[in-house]
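Colleague: sequence and predicted structure, then a few things I'm wondering about:
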Amino acid sequence: TIYLVIRQLQATLLNHVWGPRSMKAVPKHLALVFSLASVLPTSGRSLQTADTHTPETPPAFIAYYANFENKRPVRNIRFNGLSHINHAFLYPDSVAMLVPGSIENDINDLIDSADANNVKVMVSLGPDHNALRHYRAISADSNKTAEFADSVISFCKRHGYSGVDLDWETPVYSEAFKYERFVRIMYVKLNANALLFSITLPGQYGKTSFLNYEELTVHVDWINLMTYDYGNQKPAQCLHNAPLADIAADVALFKARIPSAKLVLGLAFYGRRYNEVDSFHIGAAGIRENVLFPSDSLWPKTSDTAWKKQFDETQQVPFMYNSELRQLISYDDSSSLGRKCGLVCELRLKGVMFWAMDYDARQYAYSFQKIVQERLNSGCPAAATINISMPSARRTNTGSGRIYDIRGKYLGTLQGGPASIQNGTISLE
């Protein structure tokens, strides 16, 4: 009861006293109370949501398809097990219309082939720098946003798409109100035309914790979490690309505010390579390449004795090192992908998505898509437990127990030992 009263107080003050995005100072003691109501457990030290999403069918399996440089034509797509394909990318222009770009070359073949395999195709609205500039201009005007939505709907109906995926990706605090309004208008119009609508956001909760997820969630069919590229902020240090313990901690925070049935976990079908590395350990100095290292190039190295492999039992992901080349690669394998699928089942998330088909192995025997499909098709048990160790030395990096005020400012971290995940509940022991 106290928890619900605090949440109601939070909503009332934000909406009627300070306004949804007011820049007036919020008293620190109230900000702390608000953050505790949003993040802390209702009792004890566990994070739990009220939803009871228990899929009776395999989780959603969503693939991004871009056909970069026409290297993965539609005829090479494996539709096995997929529920949706996000066709990347369309872009907005300065007058709230669409710039289809190269995807028009694939549209008819892709949608016809997907229909034949009972797979829905959604068009993804892309995230490049020009697109971000146009999103910001369009979202500043609700009429322009409505015009843009109409343009997208017309495109979808003309070509037979089942919905739209918005890859604005990383709205910043100053544009949160415009972003939320943009999403709301898009959803209302798309929903009225029987079209699906998803949004894609960073998997690191702290990057978008300022968003009003309680309202935003009402206006999307699901949210794709890009739970990868965790090492991007430190390009001169070798870090895991998609560390499972950190991911689980972030997903726990999203799950405290968003129904499980609307969360999709992102998988990387690529690795990250670091050069000029003189030590075989995560955290070593190195220079991260800007290009992604496709899984199609990974599997031959796994059997090459020049590459030494190690599995990080804390983060539950592998990495490999070649001392002669002075290179370290952070990547996923069948074990880590299986454990991530297990997390989806454990937390009863909607499913998984992956970036991207274009990076997957061409030989089916080594395909990440095959690995994930088989794991998802095995179904989700009624109850299971995953124990993810989060050492205290890495608490501030894992996201577990992090507290934010209503403006997204980091306030501190709960102390605790390992995190135990059971039946959708995360406990700090």
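Modeller: In hand now; what should we look at? The structure presented is a predicted model; accordingly, all values stated were derived computationally and were not measured.
Colleague: which parts of the stretch 51-200 of the chain are helices?
Modeller: 107-116, 129-139, 142-159, 176-192 (DSSP state H, counting those that start in this stretch).
Colleague: which of those helices has the lowest mean pLDDT?
Modeller: Between these, the lowest average pLDDT goes to helix 129-139, which shows a mean of 91.
Colleague: what number of residues lie near residue 303?
Modeller: Using other C-beta atoms under 10 Å, the number of residues around residue 303 comes to 8. Heads up, the C-betas are built off the backbone N, CA and C, glycines and all.
Colleague: tell me which residues touch it, please.
Modeller: With C-beta atoms under 8 Å, 6 or more residues apart in numbering as the criterion, no residue contacts residue 303.
Colleague: over to residue 62?
Modeller: 82-86, 224, 264, 351-354.
Colleague: could you dump the helices of the stretch 51-200 of the chain to TSV with mean neighbour count?
Modeller: Shown next, in TSV, are the helices of the stretch 51-200 of the chain (neighbours: other C-beta atoms under 10 Å):
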stretch	mean neighbour count
helix 107-116	16
helix 129-139	18
helix 142-159	17
helix 176-192	19
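Colleague: out of the ones you listed, which is closest to residue 66?
Modeller: helix 107-116 (11.2 Å; C-beta to C-beta).
Colleague: which helices and strands sit right next to that closest one?
Modeller: Packed against helix 107-116 by the contact rule (3 or more C-beta pairs under 8 Å, 6 or more residues apart in numbering; DSSP states H and E) you find strand 84-92, strand 120-125, helix 142-159.
Colleague: looking at those, which is closest to residue 364?
Modeller: That would be strand 84-92 among the helices and strands packed on helix 107-116, by C-beta to C-beta, at 17.7 Å.
Colleague: what lines up beside the closest one in the sheet?
Modeller: strand 60-65 (parallel), strand 98-99 (antiparallel), strand 120-125 (parallel) (DSSP bridges).
Colleague: select from the ones you listed the stretch with the lowest mean pLDDT.
Modeller: Looking at those, the bottom one is strand 98-99 with a mean of 82.
Colleague: who touches that strand?
Modeller: 90-93, 151-152, 155.
Colleague: residue 317 - nearest residue in space that isn't next to it in sequence?
Modeller: Ranked by C-beta to C-beta, 6 or more residues apart in numbering and with sequence neighbours excluded, the top spatial neighbour of residue 317 is residue 336, at 4.5 Å.
Colleague: next, the buried residues of the helix or strand where that neighbour lies.
Modeller: In the assignment (DSSP states H and E), residue 336 maps to helix 334-346. For helix 334-346, the neighbour count (16 or more other C-beta atoms under 10 Å) marks 336-346 as buried.
Colleague: now those residues in TSV, with distance to residue 135?
Modeller: Formatted as TSV, those follow (distance: C-beta to C-beta, whole Å):
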residue	distance to residue 135
336	33
337	32
338	36
339	35
340	30
341	32
342	35
343	31
344	29
345	34
346	35
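Colleague: about what we covered before: in CSV: the helices and strands packed on helix 107-116, plus distance to residue 273.
Modeller: CSV is the format used below for these (distance: least, C-beta to C-beta, whole Å):
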stretch, distance to residue 273
strand 84-92, 23
strand 120-125, 26
helix 142-159, 36
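Colleague: closest one to residue 374 among the ones you listed?
Modeller: With C-beta to C-beta as the yardstick, what comes closest out of the helices and strands packed on helix 107-116 is strand 84-92 (18.5 Å).
Colleague: low pLDDT regions in the stretch 251-400 of the chain?
Modeller: For the stretch 251-400 of the chain, the stretches with pLDDT under 70 are 381-400.
Colleague: do a quick rundown of the helices in it.
Modeller: All helices of the stretch 251-400 of the chain, identified by DSSP H, counting those that start in this stretch, fall at 295-302, 334-346, 368-377, 395-398.
Colleague: as TSV, the ones you listed with distance to residue 256 would be great.
Modeller: Below are the helices of the stretch 251-400 of the chain laid out as TSV (distance: least, C-beta to C-beta, whole Å):
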stretch	distance to residue 256
helix 295-302	32
helix 334-346	15
helix 368-377	25
helix 395-398	15
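Colleague: hmm, back to that, the helices and strands packed on helix 107-116: which one's closest to residue 186?
Modeller: So among the helices and strands packed on helix 107-116, helix 142-159 is nearest, using C-beta to C-beta, at 5.1 Å.
Colleague: now tell me what touches that closest one from outside.
Modeller: 90, 92, 96-98, 100, 107-108, 111, 123, 125, 137-139, 161-164, 181-182, 185-186, 189-190, 193, 195.
Colleague: picking that back up, ok, which of the helices of the stretch 251-400 of the chain comes nearest residue 248?
Modeller: Each of the helices of the stretch 251-400 of the chain has some distance to residue 248 by C-beta to C-beta; the shortest is helix 334-346, at 5.9 Å.
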